[in-house]
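>>> give me the fold of what follows.
(chains A and B)
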Amino acid sequence: DVKVTQSSRYLVKRTGEKVFLECVQDMDHENMFWYRQDPGLGLRLIYFSYDVKMKEKGDIPEGYSVSREKKERFSLILESASTNQTSMYLCASRNLARYEQYFGPGTRLTVT
Amino acid sequence: AQKVTQAQTEISVVEKEDVTLDCVYETRDTTYYLFWYKQPPSGELVFLIRRNSFDEQNEISGRYSWNFQKSTSSFNFTITASQVVDSAVYFCALIYSGGYQKVTFGTGTKLQVIP
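Predicted structure coming up:
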């Protein structure tokens, strides 16, 4: 089975803090994604990576950056957390030939 | 531009009833894939099905069935004899099969199955 893990299920940070969200997949998938999920808005893509050291902006990249130094790991960075970044963050990976995504359990981030 | 519309925000049914979740999509591409995902209360989205644009055959998997109609740009999902474990948020999604293109998700339909 594909397994995607995220470093934390729940996280509470203060405004202005630098926040790192880690995602690891164990299926050698080429593509990895970061989404945020908010009530009524569904899933919105923040960034995706189609290969190591490659990244593309999604729909809402402002206030975020990413890093992919190894194929299995994709990190989301909030340089200076703000209260409007309080959300559920979902990581996903995908085999390029099959298109469906496999998701991690999510990190519920609260910024106070 | 791609768009996926799930007009039903929330649905409540009594256990053992059948329920259909609607999904309507828009795309200019001729080759694309459609998906359904389930997000139970635990939070993790689970992949249910993939369908490509050239395959309009309906699919059945146990109590789940999917009806894909290109003429109406719809990819509807029916749960037969619903159970409490079916309570979740269900997302429909679309991707253009052109390499690294990102997925477009609908806003989801929350299904509550009442015992």
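
>>> is the most centrally placed residue in chain A in a helix, a strand, or coil?
Nearest residue to the geometric centre of chain A (C-alpha atoms, centre = their mean): A:W34, 2.9 Å. Look at A:W34: counting by DSSP: H, G, I helix; E, B strand; the rest coil, its state is strand.

>>> is it true that it touches A:S93?
No - A:W34 sits out of contact with A:S93 when judged by C-beta atoms under 8 Å, with a separation of 10.8 Å. Using the backbone N, CA and C atoms, a C-beta is placed for each residue, glycine as well.

>>> okay, and the common contacts of those two?
Common neighbours of A:W34 and A:S93 (criterion: C-beta atoms under 8 Å, 6 or more residues apart in numbering or on different chains): A:C23, A:F74.

>>> ok, now which ones touch the residue nearest to the centre of chain A?
Going by C-beta under 8 Å, 6+ apart, the list of residues near A:W34 reads A:21, A:23, A:45-48, A:58, A:64, A:66, A:74, A:76, A:89-91.

>>> by mean pLDDT, point me to the weakest helix or strand of chain B.
Ranking every helix and strand in chain B by mean pLDDT, DSSP states H and E puts strand B:59-61 at the bottom, with a mean of 88.

>>> how much distance is there from it to the middle of the chain?
Put simply, strand B:59-61 sits 13 Å off its chain's centre (C-alpha atoms, centre = their mean, to the nearest Å).

>>> swap in stretch B:71-88?
Its chain's C-alpha centre lies 7 Å from the corresponding centre of stretch B:71-88 when counted by C-alpha atoms, centre = their mean.

>>> now that stretch: buried residues?
Across stretch B:71-88, burial judged by 16 or more other C-beta atoms under 10 Å in any protein chain shown covers B:S73, B:S74, B:F75, B:N76, B:F77, B:T78, B:I79, B:S82, B:D86, B:S87, B:A88.
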